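[1] could you work out the structure for the sequence below:
(one chain, ligands or ions: 1)
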Amino acid sequence: MKIRIETERLYLREFIIEDAQLIIDLNSDIDVYRYTGDGPVKDIEEAKRILTDIIFPQYKNKIGRWAVHLKSNHEFIGWCGLKHLAETNETDLGYRFFKKHWGKGYATESAKALLDYGVNTLKLKNIIARAAKENLASLHVIKKLGMVYVKDELCAHDPAEVYILK
Ligand SMILES: CC(C)(COP(=O)(O)OP(=O)(O)OC[C@H]1O[C@@H](n2cnc3c(N)ncnc32)[C@H](O)[C@@H]1OP(=O)(O)O)[C@@H](O)C(=O)NCCC(=O)NCCS
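    The predicted model follows:
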């Protein structure tokens, strides 16, 4: 298991192909995917395709969506990660957790550590985050991270806001 980052309560590790069921489980709740632009994952084959085609290719840049676990009992609670956007040469911050773990500061704690890693270890510039205007929790996390509003835009036809790390 390749652990990338540890925080006070969490550790972040790379996904492996055996995690396909976790991808299905996480995306099985409409409250979790309401603002994410995707939806339920059909079956284990589709979950494996998401891992091999979308998630694993990012790992060669030492970034990507990383599985987040509680240190206390090793429970998988969701993912948090940085993704390189080739079209704009930006790095996009994202996160997604099971509902039962919302509101405990895990998104903020894991994203803070990721931003620190992105800026200080990888020397990344142009780290951005976007969230639907209705996704108040995500916007709140982005603001708690100290990111700065850049512009409004449409994300999958929904009004969204874009922020950058200064
Ligand atoms: C967005 C998400 C990752 C936040 O995770 P989290 O671990 O609950 O976030 P945190 O606990 O670190 O912070 C959430 C903050 O938003 C606040 N918040 C939650 N719901 C809110 C709402 N409806 N309006 C305003 N603030 C809200 C919380 O009070 C908390 O702020 P506080 O620490 O100042 O009290 C989680 O809700 C999630 O997984 N959502 C589904 C996936 C998703 O939408 N991902 C983002 C796509 S852009």
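[2] okay, and for the chain, where does confidence drop off?
    Scanning the chain for pLDDT under 70 picks out no residues.
[3] by contact count, what packs against the longest strand anywhere in it?
    Ranked by residue count and defined by DSSP state E, the top strand of the chain is strand 76-85. In terms of contacts (3 or more Cβ pairs under 8 Å, 6 or more residues apart in numbering; DSSP states H and E), strand 76-85 is packed against helix 20-26, strand 64-70, strand 90-97, helix 106-116. For every residue, glycine as well, the C-beta is placed using N, CA and C.
[4] one more time with 10 Å, if that's ok
    Contact partners of strand 76-85 among helices and strands, from 3 or more Cβ pairs under 10 Å, 6 or more residues apart in numbering; DSSP states H and E: strand 10-14, helix 20-26, strand 64-70, strand 90-97, helix 106-116, strand 127-132.
[5] burial of residue 44, as a residue count?
    12 (other Cβ atoms under 10 Å).
[6] let's have the chain start at 49 instead
    Let's use 49 as the start, then, which means that last one is residue 92.
[7] ok, it - contacts?
    68, 69, 71, 72 (Cβ atoms under 10 Å, 6 or more residues apart in numbering).
[8] with residue 102 instead?
    Neighbours of residue 102 in contact, by Cβ under 10 Å, 6+ apart: 71, 86, 112, 113, 131.
[9] the residue nearest to the fourth one when sequence neighbours are not counted: how many residues sit nearby?
    So that's residue 113. Closest residue in space to residue 113, ignoring its immediate chain neighbours: residue 129 at 3.6 Å, by Cβ to Cβ, 6 or more residues apart in numbering. Residue 129 has 26 neighbours, counted by other Cβ under 10 Å.
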